[in-house]
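Trainee: sequence first, predicted model second:
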Amino acid sequence: MDFSFNDEQKLLIETIRAMGEREDFKQLAADIDARAEFPHHLLKKYADMDLLGMTLSPEYGGGGAPAINAILAIEELAKFSPMIAAPVFESNVGAVRVIDLFGTEEQKRAIIPGVCRGELSVSVCMTEPEAGSDLTSLKTHVVEDGDDLILNGQKIFISGGGEASHYLVYTRFGDIMGYKGIGGIIVERDMPGFSFGKQEEFMGLRGMPSCELIFEDVRVPRKNVVLEAGEFSKLMLTFDIERCGNAAMCLGVAGGALEEAKAYAMQRRAFGRPICEFQAIQFMIVDMAMKLEAARLLVYRAASGAGQGLPSVYEASLAKCFANEMVVEVTNAAMQVFGGYGYSRDFPVERMMRDAKAWGVAGGTVQMLRITLASFLFGRRFDQRPGK
C-alpha cells in the first residue's frame, strides 16, 4: 500500500506545523491544561482554513476530502494537544459523519454548513450508566406520540456535553429488545426536558467538555430520526471512522512526546556529556520511534482504505487497539527520559502521559476491540452474555 503523500497533503501538514509554531501552540496546550478551558477561539481559525468538515459532502459546505486528510490534520494538531485537535476531530470523524452519510436532506442542510463554519457541533451519545461496552443493553428509549417521539433516559461521559448544539442519541425504539431496537435521533440542545449534569473532571484531556445528559419526556419531532430501529449496524460502521480519529490522536500525542524526549536528551547533560550519547537513552528513544511508526502504518492503512466512505471494521479496530496501547508506552518512556522532570507539571510529557490514557477507554476499550478482532480471526461471533 502506498502511503506517500500528495502535494495537497504535504501542504496541509506544512501549513499546520507553521501555524503551530507561529501561534505558539505549545504554550496554548499548557494553558488549556492549566485552566481546563476548551479553546473555542480556534473554531473560527480552523473554519477559515477549511479544516472543519474537510471530509464532509461539498454540496453542504464540506471539503469532500478523503478520511486520510483529516487523520493527518488531527495527528499534527494532537502533537501539541488533543484539545487543539478536537474541533478538527469532531467536524470530520465525529457524529456529523453519520448525518452526512445517512441523514435526510433537511437534516444535512440544517446542520452540516454550520459545522463547517464552526457555528454548530454534534456530539455522539452512546454510553449509559449500565451500558458501555454492552451497548445493546441501553435503556434510553423513545415512544411514538403522533408525529413526535417522546425520549426518556440518561447518558454519561458524553464529550461535548453541554457545549454541542446537537446530540446524536443512540436510543431504543419502543420495547424492541437487543440491537434490533436501536436507532439514532438528533436532539437539539434547547429542547424542553433535555438537561445536563455537572461537568466531569478527568485525569487528562482537561478542557474537554464532558457530562451526563438527562432526557425527561423530551418531545423530538419524527423528522429528527437519522437511523430507524434495526439500523444499529450502520451506526457502528460509521463509528469506525471515529475510531481512526481516536487512533490519530494517539499518533499525535506519541509523536509530540517523542519530539520532546529527543530534544531533552540532546540538551540534558550527565557525566559531562548529553544524555543522548548513552545507550540506555538511545534504546528508549528508538523503541518509542519503532512503536509509533508501526501504529502509524496501521492507522494510515485503515484511513486510506476508507477513502471518502468508511474503513474496514477489522483494520480500524486493529489500528485503534495498537495505537491506544502504543501511546501509553511511548509517553511513559518519554517521562523516563526526562527523569524527575518528567513527573513535573512544568514539563509537557506529564500532561501527555495523562492525555494518553484516555484513548484506550474512549470509543471502545482495547479489551472489547480484541474480542471484535478475535471474531474476525476465528470467523465466528463471541457473544459475551451468559449462555450465549
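Mentor: Noted; the coordinates are in hand.

Trainee: burial of the residue lying closest to Val349 once chain neighbours are set aside, as a residue count?
Mentor: Using C-beta to C-beta, 6 or more residues apart in numbering and skipping the chain neighbours, the partner closest in space to Val349 is Ala334 (4.5 Å). Glycine gets a C-beta too; all of them are placed from N, C-alpha and C. Burial of Ala334 is recorded as 31 neighbouring residues (other C-beta atoms under 10 Å).

Trainee: for the nearest residue to Ser210 once chain neighbours are set aside, give me its contacts.
Mentor: Nearest residue to Ser210, sequence neighbours excluded (C-beta to C-beta, 6+ apart): Glu200, at 4.7 Å. Contacts for Glu200 were tallied using C-beta atoms under 8 Å, 6 or more residues apart in numbering; they are 157, 210-212.

Trainee: relative to Ala358, how far out is Glu200?
Mentor: 12 Å (C-beta to C-beta, to the nearest Å).

Trainee: can you pull out the helices in the stretch 1-150 of the chain?
Mentor: 7-22, 25-35, 42-48, 67-78, 82-93, 96-102, 105-116 (DSSP state H, counting those that start in this stretch).

Trainee: and the ones you listed: which comes nearest Ala131?
Mentor: Nearest of the helices of the stretch 1-150 of the chain to Ala131, taken as C-beta to C-beta: helix 96-102 at 18.7 Å.

Trainee: not counting that closest one itself, show me its contacts.
Mentor: Contacts of helix 96-102 (C-beta under 8 Å, 6+ apart): 53, 55-57, 60, 62, 90, 107-108, 111-112, 115, 121-122, 124, 168, 184, 186, 226-227, 231, 234-235, 238, 241-242, 309-310.

Trainee: try it again with 6 Å
Mentor: 56-57, 107, 111, 115, 122, 168, 226-227, 234, 238, 241 (C-beta atoms under 6 Å, 6 or more residues apart in numbering).

Trainee: which of these are buried, as a ChimeraX select command?
Mentor: Command for ChimeraX that selects the buried part of the contacts of helix 96-102, burial taken from 16 or more other C-beta atoms under 10 Å:
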select :56,107,111,115,122,168,226,227,234,238,241
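
Trainee: and the contacts of helix 96-102, which is the shakiest by pLDDT?
Mentor: Checking pLDDT across those, the minimum falls on Thr238 at 80.

Trainee: wasn't that one part of a helix?
Mentor: Yes. Applying DSSP: H, G, I helix; E, B strand; the rest coil, one finds Thr238 inside a helix.

Trainee: can you pull the contacts of it?
Mentor: Contacts of Thr238 by C-beta under 6 Å, 6+ apart are 97-98.

Trainee: hmm, try it at 7 Å
Mentor: Counting by C-beta atoms under 7 Å, 6 or more residues apart in numbering, Thr238 touches 97-98, 101, 310.

Trainee: farthest pair within the residues you listed?
Mentor: Val98 and Leu310, at 10.5 Å, using C-beta to C-beta across the contacts of Thr238.

Trainee: looking at those two, which is more packed in?
Mentor: Just comparing Val98 and Leu310: by other C-beta under 10 Å the higher neighbour count belongs to Val98, 24 against 19.

Trainee: the more buried one and Asp346, how far apart?
Mentor: For Val98, the distance to Asp346 - C-beta to C-beta - is 42 Å.

Trainee: tell me where the stretch 151-300 of the chain has helices.
Mentor: 232-267, 279-306.

Trainee: ok so, going back, which one of the helices of the stretch 1-150 of the chain lies closest to Pro274?
Mentor: The nearest among the helices of the stretch 1-150 of the chain, by C-beta to C-beta, is helix 25-35 at 21.7 Å.

Trainee: from the chain's centroid, how far away is that closest one?
Mentor: Offset of helix 25-35 from its chain centre (C-alpha atoms, centre = their mean, to the nearest Å): 19 Å.

Trainee: residues in contact with it?
Mentor: Helix 25-35 is contacted by residues 39, 80-81, 83-84, 206-207, 348, 351 when judged by C-beta under 7 Å, 6+ apart.

Trainee: any low-confidence regions in this protein?
Mentor: 1, 308, 387-388 (pLDDT under 70).

Trainee: quick check: closest non-adjacent residue to the residue nearest in space to the middle of it.
Mentor: Note on the chain: the residue nearest the mean C-alpha position is Asn246, at 4.0 Å, using C-alpha atoms, centre = their mean. With C-beta to C-beta, 6+ apart as the criterion, Asn246 has its nearest non-adjacent residue at 4.6 Å, and that residue is Gly363.

Trainee: surely that neighbour meets Gly245?
Mentor: No. The pair Gly363 / Gly245 is not scored as a contact, 8.5 Å apart, by C-beta atoms under 7 Å.

Trainee: higher neighbour count, the two?
Mentor: Gly245 (28 against 24).

Trainee: from what I see, the more buried one and Ala95 are in contact.
Mentor: No. Taking contacts as C-beta under 7 Å, Gly245 lies outside contact range of Ala95: 11.3 Å.

Trainee: out of the contacts of helix 25-35, the closest to Gly146 would be?
Mentor: The closest of these, once distances to Gly146 are taken by C-beta to C-beta, is Gly207, at 41.8 Å.
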